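# Based on what follows, work out the 3D shape:
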Amino acid sequence: MKLFKKLIILSTFLLVSSHGFAADVTVEMLNKLDNESMVYSKKIVKINTGDTVFWKATDKGHNVEFIKNGVPEGVDKFKSKFNKDAEYKFTVPGIYAYWCTPHKTMGMIGFVVVGDDKSNIEAIKAIRFSGKSKKIAPDLINQL
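Alright, predicted model coming up:
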């Protein structure tokens, strides 16, 4: 009977913990959210390999740009157009750091963790953020 209870508990835990990773995710590009301005609606997204993130241009003037040296090795540059929805299918596990090109110093940064792979965390920590991003990045990185 004890073994059965342990199996039920373990099964429940695995079922609940697997939902920590979403399938496809939408992140809004916003001028204001609560008391913050120039912000992505989700600062950290955790997904599985093969999932897609959609960035919705809810407010004008924003884009998404992968930060140089802020993506897993072998991943090409990615930069969306301004005022346009964007999407990216993540096929390489690791951490992806991105920002809104004109608002990066205002703290408009985000991270995608693919497959719970944090093997490039040291490269992420070495990114040279500036302005408000420099203040908020360490806390976000600690949450990855």
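
# After the least confident helix or strand in the chain by mean pLDDT, which helix or strand is next? Please name it.
Lowest on mean pLDDT, DSSP states H and E among the helices and strands of the chain sits helix 2-18, with a mean of 43. Downstream of helix 2-18, the first helix or strand assigned by DSSP states H and E is strand 25-33.

# Check which residues of that following strand are buried.
Residues of strand 25-33 classed as buried: 25-30 (neighbour count, 16 or more other Cβ atoms under 10 Å). C-beta coordinates here come from the backbone N, C-alpha and C atoms, glycine included.

# Residues touching that strand, excluding its own?
37-42, 45, 47, 51-59, 61-64, 100, 108, 110 (Cβ atoms under 8 Å, 6 or more residues apart in numbering).

# let's see 6 Å
39-42, 45, 53-59, 62 (Cβ atoms under 6 Å, 6 or more residues apart in numbering).

# could you give the mean pLDDT of the helix or strand following that strand?
Downstream of strand 25-33, the first helix or strand assigned by DSSP H and E is strand 36-40. Average pLDDT, strand 36-40: 97.

# How far does strand 36-40 sit from its chain's centre?
Relative to its chain's centre, strand 36-40 lies at 15 Å (Cα atoms, centre = their mean, to the nearest Å).

# got the angle for that strand vs strand 25-33?
160 degrees (axes from the mean of the first three to the mean of the last three Cα atoms, to 10 degrees).

# can I get the CA coordinates of strand 36-40 in PDB?
Taking Å, rounded to 0.1, in the frame of the first residue of the first chain, the C-alpha atoms of strand 36-40 are listed here in PDB:
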ATOM      1  CA  GLU A  36       6.100  49.500 -15.600                       C
ATOM      2  CA  SER A  37       6.600  51.000 -19.000                       C
ATOM      3  CA  MET A  38       8.100  49.600 -22.100                       C
ATOM      4  CA  VAL A  39       7.800  46.000 -21.200                       C
ATOM      5  CA  TYR A  40       7.100  42.500 -22.400                       C
END
